[in-house]
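> The following block contains a protein sequence and its predicted model.
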Amino acid sequence: MTQHAELDIGLIVAGHGRHYVVMTPEGREVICQPRGKKSQVVVGDRVRWQVTDSRGDAGVIEAMEPRRNLLYRQDEWKTKSFAANLDRLLVLVAAEPVFSESQLSRALIAAEEARIEVLILLNKVDLEPAASLARERLAPYRAMGYEVLEVALKARSEAGLKSADADPLRSHRDAALAMLTPRLAKGSTLVLGPSGTGKSTLVNLLVPQAQAATAEISTALNSGRHTTTHTRWYWLDGGREGALIDSPGFQEFGIQHIQRPDLAHWMPDLRAHLGHCRFANCSHTHEPDCGVLAALERGEIAANRYRIYQELGAELDRRG
């Protein structure tokens with residue numbers, strides 16, 4: 001029997017320090033603290049909780065329900081879990097600034113390992129020749145089976161052009177959002193993108209109340225502007241069937257939980273050539289008769305993708 005099965009189940013939609021916002025099935029938000037000194041709770045978790053004051057404005061988290069998956073974020077100091085129970089990952093890249101394939105690959109590896117669907121959104125496709133170059137760099141990912149959608153989120157009229165000049169871009173943006181919105185209508189979607197890719201624009205288009213909701217939670221948690229650097233869950237519809245999870249200030253995905261021998265398995269272009277190596281414990285770096293190295297030589301694996309495999313493999317080797 002589930003521990004604390006008699007208690008209500010709530011959804012973690014935000015948090016700061018030891019304070020978490022628990023949403024009830026009715027949509028009410030309650031500030032809660034975990035029982036004990038340490039907490040592993042993250043946004044997206046379902047928890048068992050109970051009220052601790054007569055007004056029902058505060059509560060305590062007693063237990064966490066089993067997770068379907070868990071993602072980690074990493075900076076130059078540490079790796080930390082930050083979101084759970086996700087259905088898809090929406091990775092936003094842009095024609096400008098030039099996106100990092102290493103960062104993109106880390107995200108895709110984390111999603112593969114967690115069995116999370118991925119959509120890649122290429123923004124600023126009105127900027128040529130940068131957009132064409134970005135398409136070329138994304139071609140290997142399309143070949144792996146990842147879906148790449150294209151959009152120009154910000155109308156040029158905002159840069160001072162006449163309204164008529166901006167109409168084609170507005171039409172492109174609206175058509176892309178019309179295509180994207182149904183894809184996000186069911187389940188939870190984590191959206192991420194480096195600075196300058198247009199992620200804030202996208203979040204505000206999909207969730208117009210996002211800034212107000214963040215400010216409200218910030219006030220409730222007494223954390224001011226710092227809450228804006230933390231992960232936040234937003235419902236996309238009144239029926240609470242689709243949700244968007246925003247994680248501002250995101251650096252890159254942590255992959256330290258992945259076992260070094262499994263790394264190639266979570267990279268689809270390398271995975272296609274596993275099982276064709278002479279040695280069962282092949283590292284795909286130097287061994288003779290390696291299926292991955294043979295595919296690289298034939299041009300079936302992009303050189304840049306193999307370089308990323310080497311870099312990430314070295315990172316995991318340093319972990320020991």
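Now that the structure is in, tell me what you want to look at.
> Could you give the backbone dihedrals for the closest residue to Arg18 other than its chain neighbours?
Counting by C-beta to C-beta, 6 or more residues apart in numbering, the nearest residue to Arg18 once its immediate chain neighbours are dropped is Gln33, at 5.4 Å. Quick note: C-beta positions are derived from backbone N, CA and C, even for glycine. Backbone geometry at Gln33, expressed as degrees, to the nearest 10, gives phi -120, psi 150.
> mean confidence score for stretch 180-199?
For stretch 180-199, mean pLDDT rounds to 89.
> Neighbours of the spatially closest residue to Gly10 that is not a sequence neighbour, how many?
For Gly10, ignoring the flanking residues on the chain, the nearest one in space by C-beta to C-beta, 6+ apart is Val22 at 3.7 Å. Using other C-beta atoms under 10 Å, Val22 has 25 other residues around it.
> what's across from Val22 in the sheet?
Taking DSSP bridges as the rule, Val22 bridges to Ile12, Val30.
> Distance-wise, check it relative to Glu128.
47 Å (C-beta to C-beta, to the nearest Å).
> Also Glu300?
Taking C-beta to C-beta as the measure, Glu300 falls 30 Å from Glu128.
> So for those two, which residue has more residues nearby?
Shown here are Glu300 and Glu128; by other C-beta under 10 Å, Glu300 has more neighbours (13 against 10).
> Test my guess that the more buried one contacts His273.
Yes: using C-beta atoms under 8 Å, Glu300 is in contact with His273, at 7.3 Å.
> burial count for His284?
When neighbours are counted by other C-beta under 10 Å, His284 registers 23.
> what's the spacing between it and Ala294?
For His284 relative to Ala294 (C-beta to C-beta), the value is 10 Å.
> Check the residue nearest to Arg18 and give its pLDDT.
pLDDT, Gln33: 86.
> Leaving out chain neighbours, which residue sits closest to Cys282?
Cys290 (5.4 Å).
> residues in contact with that neighbour?
Cys277, Arg278, Cys282, His284 (C-beta atoms under 8 Å, 6 or more residues apart in numbering).
> how about a cut-off of 6 Å?
Going by C-beta atoms under 6 Å, 6 or more residues apart in numbering, Cys290 touches Cys277, Cys282, His284.
> Roughly how far does it sit from Thr201?
Taking C-beta to C-beta as the measure, Cys290 falls 44 Å from Thr201.
> Can I get stretch 176-195 as PDB, trimmed to CA atoms?
This file holds the C-alpha atoms of stretch 176-195, laid out as PDB (Å, rounded to 0.1, in the frame of the first residue of the first chain):
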ATOM      1  CA  ALA A 176       3.700  27.800 -36.900                       C
ATOM      2  CA  LEU A 177       1.900  28.300 -33.500                       C
ATOM      3  CA  ALA A 178      -1.300  26.800 -35.000                       C
ATOM      4  CA  MET A 179       0.800  23.800 -35.900                       C
ATOM      5  CA  LEU A 180       2.600  23.600 -32.600                       C
ATOM      6  CA  THR A 181      -0.300  24.200 -30.200                       C
ATOM      7  CA  PRO A 182      -2.100  20.900 -30.900                       C
ATOM      8  CA  ARG A 183       1.200  19.100 -30.400                       C
ATOM      9  CA  LEU A 184       1.300  20.400 -26.900                       C
ATOM     10  CA  ALA A 185      -2.400  20.000 -26.100                       C
ATOM     11  CA  LYS A 186      -1.900  16.800 -24.100                       C
ATOM     12  CA  GLY A 187       0.700  16.000 -21.500                       C
ATOM     13  CA  SER A 188       3.600  18.100 -20.100                       C
ATOM     14  CA  THR A 189       6.200  19.800 -22.300                       C
ATOM     15  CA  LEU A 190       9.500  21.200 -21.100                       C
ATOM     16  CA  VAL A 191      10.700  24.100 -23.300                       C
ATOM     17  CA  LEU A 192      14.200  25.200 -23.300                       C
ATOM     18  CA  GLY A 193      16.600  27.300 -25.300                       C
ATOM     19  CA  PRO A 194      19.800  29.400 -24.800                       C
ATOM     20  CA  SER A 195      19.700  33.100 -24.400                       C
END
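> Go ahead and flag the most central residue of this structure.
Leu190 (4.2 Å; C-alpha atoms, centre = their mean).
> For Leu121, give its distance to Gly59.
Relative to Gly59, and taking C-beta to C-beta, Leu121 is found at 37 Å.
> Let me see the ranges of the helices in this structure.
Using DSSP state H, the helices found in the chain span residues 101-113, 130-143, 163-183, 199-206, 210-221, 268-271, 291-297, 303-319.
> Select, out of those, the one closest to Glu252.
helix 101-113 (5.1 Å; C-beta to C-beta).
> For that closest one, name the packing helices and strands.
strand 252-253 (3 or more C-beta pairs under 6 Å, 6 or more residues apart in numbering; DSSP states H and E).
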